[in-house]
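> give me coordinates for this.
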Amino acid sequence: FEDLRNQIGFVTQDTQLFSGTIRENLFFVNPTATEEELKDVLKKAACENLLNRADNGLDTMIGEGGLKLSGGEKQRLMFARIFYNNPSLIIIDEGTSALDLVNELKIIENLTEVPPANWDALLPSDASPFLKHAFLSTLEETGCVGGDTGWQVAHLGLYQADRLIGAMPLYLKQHSYGEFVFDWSWAQAYQQQGMQYYPKALCAIPFTPVQGSRILCAPNQASSQIQSQIITGLKSIILQNQLSSAHILFPPNEQIEALVEQGFMLRDSVQFHWHNQEFSSFEQFLSALTMKRRKNIRREREQVAREGMTFRHVPGQLANNEDWEFFYRCYENTYREHLSSPYLSEAFFKLLGQRMPENLHLIIAQRNNKPIAASLLVVDTISSKAYGRYWGATDHIPLLHFETAYYQAIDYCISHGIQTFEGGAQGEHKMARGFMPTTIYSAHFIADPQFAKAVKHFLDRERQGIAAYVDELAEHSPLKSTKVHP
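Predicted coordinates:
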């Protein structure tokens, strides 16, 4: 009878695990099992996701005070026990009732591998246009990322039975240009310790300091589980490929907790955003400002008007090839004046104008019907936001930048009921023009424990400085005081 019993494996609906390590729970079957044998049965039971989450591998504690397991993970460990004995017959008493489908994390080296509808189906309702398949794929197809740009495409895709259920826009970076969160000093210190900082993993929208979802989840799916699997998979890629770090720039607040739980450190940044207070006109907006700021803006606008400047607003649907070519001359000139090279190409803007015209709005400054400056807004009517991204001029006119890139854009937002205008990264000068400071975050995972400890100390000190900076900015608000004095 004993010989017969040893040929039968029995998996019950109720899992029989105890508080201890994964190894100890498997030793319950055979305490002499080797490391290779244990990993083999775990692989057969599809426990890869569990092992990826286990910081100490087989010696990770589970149960009370340890790693929390889902019902499906508990049942997979039960199957791993059974597989070790290699029984001739397995009897299952609803032992798969809690098993979830096995998800597979893949690296997407070119977004054309994913149908646009499949990628865009993952986007939340308030996703910015920058997360769309059209925007990201246009960057790739026009050579702004990939190739020898230092932005190697390595998007993460989480698949369930060949269906894309989660994703993360990801790049392997050979430098830190075009990020707007500066870690050059980290790279230098890392290399001074004899370690290689690049390549690093970067989850961000290239050249675009905009907050938004960074872990995309299909609707009607367990978003917390998908987030956990993608973050865990990202960390595994870092460790297995001996990369220095992973950086997730400007995630939304609702994704920050999941990142912190998996060992990411937060870094504060300050941007300046304009908020529409149901203004019916630019004059009404000015009335909300202090007298000093109101007078200064009027003076700047009057000075530009005396130069004979007029402005042409061109919705993306109406922009022609000549408009895009002129805009690019302006955009390129901004970089040339700073002895730099533009990140984006003319081909990028022209193709984007074809693919996403409903999200684009050109503002062209003219004198005597001759265009001399331009700025571009990216508009998201669903979330009621406009993003001021790019500006340039062929002739120098004092204060023209403020009029074209800020005041004309604010006028547009007021007339179209847009609630928020983000004018780009940094720039205290924006406060004098009605923009208010906003703290946003980035999340960072450093593979080397000692260096991670040093970075954490740095971030703690930096956070205190930024908090004091924001408090100081608040004392110089351009808005009228709302305090009621006795």
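> other SSEs contacting the host helix or strand of D460?
For D460, the host element (DSSP states H and E) is helix 449-474. When contacts are defined as 3 or more CB pairs under 8 Å, 6 or more residues apart in numbering; DSSP states H and E, helix 449-474 packs onto helix 184-192, strand 265-275, strand 436-446. For every residue, glycine as well, the C-beta is placed using N, CA and C.
> on the three-state scheme, the residue nearest the centre of the chain is what?
Centre of the chain computed as the mean C-alpha position; nearest residue by CA atoms, centre = their mean is R214, 3.7 Å away. Following DSSP: H, G, I helix; E, B strand; the rest coil, R214 is assigned to coil.
> got the contact list for it?
Listed by CB atoms under 8 Å, 6 or more residues apart in numbering, the contact set of R214 reads 168-169, 203-204, 248-252, 255.
> out of those residues, which is nearest to G392?
Among those, A204 lies closest to G392 (CB to CB), at 23.4 Å.
> could you list the low-pLDDT ranges of the stretch 1-150 of the chain?
Where the stretch 1-150 of the chain drops to pLDDT under 70, the residues are 1-15, 85, 87-102.
> how about the helices in it?
For the stretch 1-150 of the chain, the helices defined by DSSP state H, counting those that start in this stretch cover 2-5, 22-27, 35-44, 48-53, 71-85, 116-120, 133-141.
> now those helices in CSV, with mean neighbour count and distance to E104?
Formatted as CSV, these follow (neighbours: other CB atoms under 10 Å; distance: least, CB to CB, whole Å):
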stretch, mean neighbour count, distance to E104
helix 2-5, 7, 36
helix 22-27, 20, 21
helix 35-44, 15, 13
helix 48-53, 20, 9
helix 71-85, 21, 15
helix 116-120, 15, 15
helix 133-141, 21, 21
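> quick one: the ones you listed as CSV, columns for distance to Q16 too.
Shown next, in CSV, are the helices of the stretch 1-150 of the chain (distance: least, CB to CB, whole Å):
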stretch, distance to Q16
helix 2-5, 17
helix 22-27, 9
helix 35-44, 16
helix 48-53, 17
helix 71-85, 7
helix 116-120, 40
helix 133-141, 46
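> of all those, which lies closest to K173?
When these are compared by CB to CB, helix 133-141 sits nearest K173, at 14.1 Å.
> can you show me the CA trace of the closest one as CSV?
Coordinates of the C-alpha atoms in helix 133-141 are reproduced here as CSV (Å, rounded to 0.1, in the frame of the first residue of the first chain):
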residue,chain,number,x,y,z
HIS,A,133,1.1,54.6,-29.6
ALA,A,134,1.2,57.3,-32.3
PHE,A,135,3.5,59.6,-30.3
LEU,A,136,5.9,56.9,-29.1
SER,A,137,6.1,55.1,-32.4
THR,A,138,6.7,58.4,-34.3
LEU,A,139,9.7,59.0,-32.1
GLU,A,140,11.0,55.5,-33.1
GLU,A,141,10.2,55.6,-36.8
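> by contact count, what packs against the following helix or strand past it?
Next helix or strand after helix 133-141 toward the C-terminus (DSSP H and E): strand 151-153. Strand 151-153 sits against strand 171-173, with contacts defined as 3+ CB pairs under 8 Å, 6+ apart.
> list the contacts of the strand it packs on.
Against strand 171-173 from outside (CB under 8 Å, 6+ apart): 145, 150-154, 179, 198-204, 206, 243.
> between the helices of the stretch 1-150 of the chain, which one is nearest to D183?
Using CB to CB, the nearest of the helices of the stretch 1-150 of the chain to D183 is helix 133-141, at 21.5 Å.
> who touches the closest one?
110-112, 114, 116, 119-120, 129-130, 145-146, 153, 169, 205-206, 348, 351-352, 355-356.
> and stretch 53-69, by the same measure?
Applying CB under 8 Å, 6+ apart, the set of residues contacting stretch 53-69 from outside is 17-23, 25-26, 35, 38-39, 50-51, 77, 228, 232.
> ok, for L249, nearest residue in space, not its chain neighbours?
In space, L249 comes closest to A204 once its chain neighbours are excluded; the distance is 3.9 Å by CB to CB, 6 or more residues apart in numbering.
> that neighbour and G212 touch, don't they?
No: in this structure A204 lies outside contact range of G212 using CB atoms under 8 Å: 9.9 Å.
> settle it for me: which of those two has more neighbours?
Each of A204 and G212 has its neighbours counted (other CB atoms under 10 Å); A204 has more, 26 against 23.
> and the gap between the more buried one and L266?
Distance, A204 to L266, by CB to CB, to the nearest Å: 15 Å.
> ok, I238 next?
Going from I238 to L266 by CB to CB gives 18 Å.
> hmm, who's touching stretch 422-432?
Against stretch 422-432 from outside (CB under 8 Å, 6+ apart): 180, 209-210, 269-274, 293, 296, 385-389, 405-406, 409, 435, 437, 473, 476-478.
> buried ones among the residues you listed?
Buried by 16 or more other CB atoms under 10 Å: 180, 209-210, 269-274, 293, 385-389, 405-406, 409, 435, 437, 478, out of the contacts of stretch 422-432.
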